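> have a look at this prediction, sequence included:
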Amino acid sequence: MSTATVGGSRRRRHGAVSPWAPYLFVAPFVLLFVLFLVAPIAVAVVNSLFSRQSSGLGFSGSSIEFVGLTNFARAFADRDFIEGFPRVLLYGAVQVPVMMAVAATIALLFDTALVKARRFFQFAVFLPYAVPSVIAALLWGFLYQPSVSPILQFFESIGITLSPLASTVVLWSIANVALWSLIGINMIILFSALQSVPREMYEAARIDGAGEVRTALQIKLPMIAPALLLTTLSSIIGTLQLFNEPQVLQTITSNIPSDYTPNMAIYATSTLGKDPHLASAMAVILGLATLVVSLLVLAANKRTTNRANHGL
Amino acid sequence: MIVATVIMAIAAIYFLAPVAWLVIASTKSTGDLFSTPGFAFAEFNLFENLYDLSTYQGGIFWRWGLNSIIYSVIGSALTTMVCAITGYALAVYRFRGRSALISVVLASLLVPGTVIAQPTYVLLVTLGLDNTYAGLLLPALVYPFGVLLCFIFAQSSVPMELVEAARLDGAGELRIFVAIGLRLLASGLVTVLLFAFLGSWNSYILPLLVLTDSELMPLTVGLTGWNQASITIPGLQILTVVGSLVSIIPIAIVFLSLQRFWKAGLTAGSVRG
């Protein structure tokens, strides 16, 4: 479809278009957005300000009453809930850099054409992403149990006893499941970004005598900075919401309590504790915490980009 | 060069070994699962396992599979349509509220999806949609990242000149979108479709909250339920293993065979992102 044939029709940029068309086009999304994104946030905020009060001995029913910020005070006083935050932050501080480093290394290796059998390796790296995270957790759950795990049995046979479900290391066993699942997709995104960098950039570096490693670090990585930021940011948001993997692994070890992560605590408070009002307050706190962390990352990124630009 | 290949080989083992174990374990009986080495084949029991998988609780596993397909296929198709028409409208028209809508879409990317699962559940109960197909399908249609991708694709791939030429020919706005917009957006839409599909296929926390009827559950919730129950019902352990394998084979095939389509779309998205 060539656009050259229609030159000269520019004159009616805002011409006889039905003024309603754009609104009708965006209406379904806006409606759904309000219903399933704005309304839940409103529900959470409103719910968090109320509480179910049982009157008398509890036989005569109960009423919903406005309690102000009481639920927030209760949430902050709930040590198990609050302790989940440093835990997921520590988890994220390790998991995200490791994941990005491995994903970037693999993407750069693919990009250098040093790797043979590229299609096979891409298949291998990417396959875990096609496995739902919950199924991945089930799968690794088996591999973490000494009675069935070939990996643990192998280490046992050479005299090393590993217990990935011990309370001291279980957090990193959860991180391993997430790494296994997510390196592939991040690698693909970074690799796609690398592929779209003009090749001449590398030619110039080569003429200047830069080796593969220097080219990778000083030219390729800065060129794909937007993709790196995008993947890092979504990974950070993901770690704060950590739920699927620990929730599944919880069934095979007592070292993951039901409030191990903030999101698990919200789920447990809502379902097991049957206190949707307290759970709403917790959800609001987690949402705000995520927002703050995201904005900090964006601000930090802006500063480093500015500095880099000034440096040039 | 050797270093590169060695690194890749180690990575390949790490990524493939768990899946290899799953394949091998699926061919074992419950007894052999615990008594034989993990990476060695034992007595071939795959067909018995598949038979048990298909008959346990009246073959509910296949019902879960069907549910997962319903949620993912219908959900992702509708989601893509919503994203496409919204992104197209944002790119092609200048209307009041346009920049506000773009800002809201951008801001909503920072709203953590699983955090609003709990209030979404409360809302669905209020609407009487808990424990229904609609209750799980409708919230998934809100996919701001997809709208953003479509907006970016539409900006670069739908020339205004073409839209205006169609207007001069007397075509209505909807017809222009269907005949020109959708066609030009197609490659980008494959990306949105696949991400939406995977999102629904992997979805766990919302169905866990919303569904109580096991007939409506997707595979993720059903299989983790079996895993939980296997503590008291030992036979369920091998069914969880076989079920996991069966559930990832079709998606792995579909996804890997469509790679080149969505990878192209991803490139377009990431350079401008």
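Arrived safely.
> rest of the way, CA atoms for contacts and neighbours
Noted.
> sec struct for B:Val147, please.
helix (DSSP: H, G, I helix; E, B strand; the rest coil).
> quick one: A:Ala210 is in a helix?
No - counting by three-state DSSP, A:Ala210 is not found in a helix; it is coil.
> just the pLDDT at it, thanks.
Note for A:Ala210: predicted pLDDT of 78.
> what about the closest residue to A:Ile266 other than its chain neighbours, neighbour count?
Of all residues not flanking A:Ile266 in the chain, A:Ala279 sits nearest, at 5.0 Å (CA to CA, 6 or more residues apart in numbering or on different chains). The tally of other residues near A:Ala279 (other CA atoms under 10 Å in any protein chain shown) stands at 28.
> low-confidence regions, the chain specifically.
Here I'm looking at chain A. Low-confidence segments of chain A (pLDDT under 70): A:1-16, A:55-61, A:113-115, A:307-312.
> look at chain B instead
B:262-273.
> the residue of it found nearest chain A: neighbour count?
Nearest residue of chain B to chain A (CA to the nearest CA) works out as B:Gly38 at 4.3 Å. Using other CA under 10 Å, B:Gly38 is surrounded by 25 other residues.
> swap in B:Arg260?
Neighbour tally, B:Arg260, other CA under 10 Å: 11.
> assumed it was part of a helix.
Yes - applying three-state DSSP, one finds B:Arg260 inside a helix.
> and the gap between B:Leu53 and A:Gly68?
As defined by CA to CA, to the nearest Å, B:Leu53 lies at a distance of 51 Å from A:Gly68.
> which of the two has more neighbours?
Between B:Leu53 and A:Gly68, B:Leu53 has the larger neighbour count (other CA under 10 Å), namely 22 against 13.
> so which residues of the stretch 151-300 of chain A form helices?
A:170-195, A:200-207, A:212-215, A:221-223, A:225-240, A:244-249, A:262-271, A:276-311 (DSSP state H, counting those that start in this stretch).
> who are the packing partners of the first one?
If I follow you right, that is helix A:170-195. Applying 3 or more CA pairs under 8 Å, 6 or more residues apart in numbering or on different chains; DSSP states H and E, we find helix A:170-195 packed against helix A:79-112, helix A:118-126, helix A:133-143, helix A:225-240, helix A:244-249, helix B:259-272.
> the longest one vs helix A:262-271, what angle?
Counting by axes from the mean of the first three to the mean of the last three CA atoms, to 10 degrees, helix A:79-112 points 140 degrees away from the direction of helix A:262-271.
> can you count the residues close to B:Ile233?
Neighbour tally, B:Ile233, other CA under 10 Å: 11.
> ends of stretch A:250-262, how far apart?
Across stretch A:250-262, first to last residue, CA to CA, it's 15 Å.
> which residues does the closest residue to A:Ser235 other than its chain neighbours contact?
Nearest residue to A:Ser235 in three dimensions, chain neighbours excluded: A:Val96, at 6.3 Å (CA to CA, 6+ apart). For A:Val96, the contact set (CA atoms under 8 Å, 6 or more residues apart in numbering or on different chains) comprises A:Thr232, A:Ser235, A:Ile236.
> for A:Pro164, same thing?
A:Tyr144, A:Val170, A:Ser173.
> which residues does A:Pro128 contact?
Neighbour list for A:Pro128: A:Ala136, A:Trp180, A:Ser181, A:Leu182, A:Gly184, B:Phe15, B:Leu16 [criterion: CA under 8 Å, 6+ apart].
> and if you look at A:Phe126?
A:Phe126 neighbours (CA under 8 Å, 6+ apart): A:Ile183, A:Gly184, A:Ile185, A:Ile188.
> OK, contacts around the third one?
Counting by CA under 8 Å, 6+ apart, A:Ile185 touches A:Phe126, A:Tyr129.
> at 10 Å instead, please
For A:Ile185, the contact set (CA atoms under 10 Å, 6 or more residues apart in numbering or on different chains) comprises A:Ala103, A:Val125, A:Phe126, A:Leu127, A:Pro128, A:Tyr129, A:Ala130, A:Phe191, A:Thr231.
> check the first one too.
Taking CA under 10 Å, 6+ apart as the definition of contact, the neighbours of A:Ile183 are A:96, A:98-104, A:106, A:125-126, A:128-129, B:15.
> quick one: the helix or strand where B:Val3 lies to helix A:118-126, angle?
Counting by DSSP states H and E, the element that carries B:Val3 is helix B:2-26. Taking the same axes, to 10 degrees, one finds that helix B:2-26 is oriented at 60 degrees with respect to helix A:118-126.
> list the helices and strands helix B:2-26 packs on?
helix A:79-112, helix A:118-126, helix A:133-143, helix A:150-157, helix A:170-195, helix B:30-35, helix B:46-55, helix B:236-257 (3 or more CA pairs under 10 Å, 6 or more residues apart in numbering or on different chains; DSSP states H and E).
> mind listing what's buried in the first one?
It refers to helix A:79-112. Across helix A:79-112, burial judged by 16 or more other CA atoms under 10 Å in any protein chain shown covers A:80-82, A:84-85, A:87-88, A:91-92, A:95-96, A:99-100, A:102-111.
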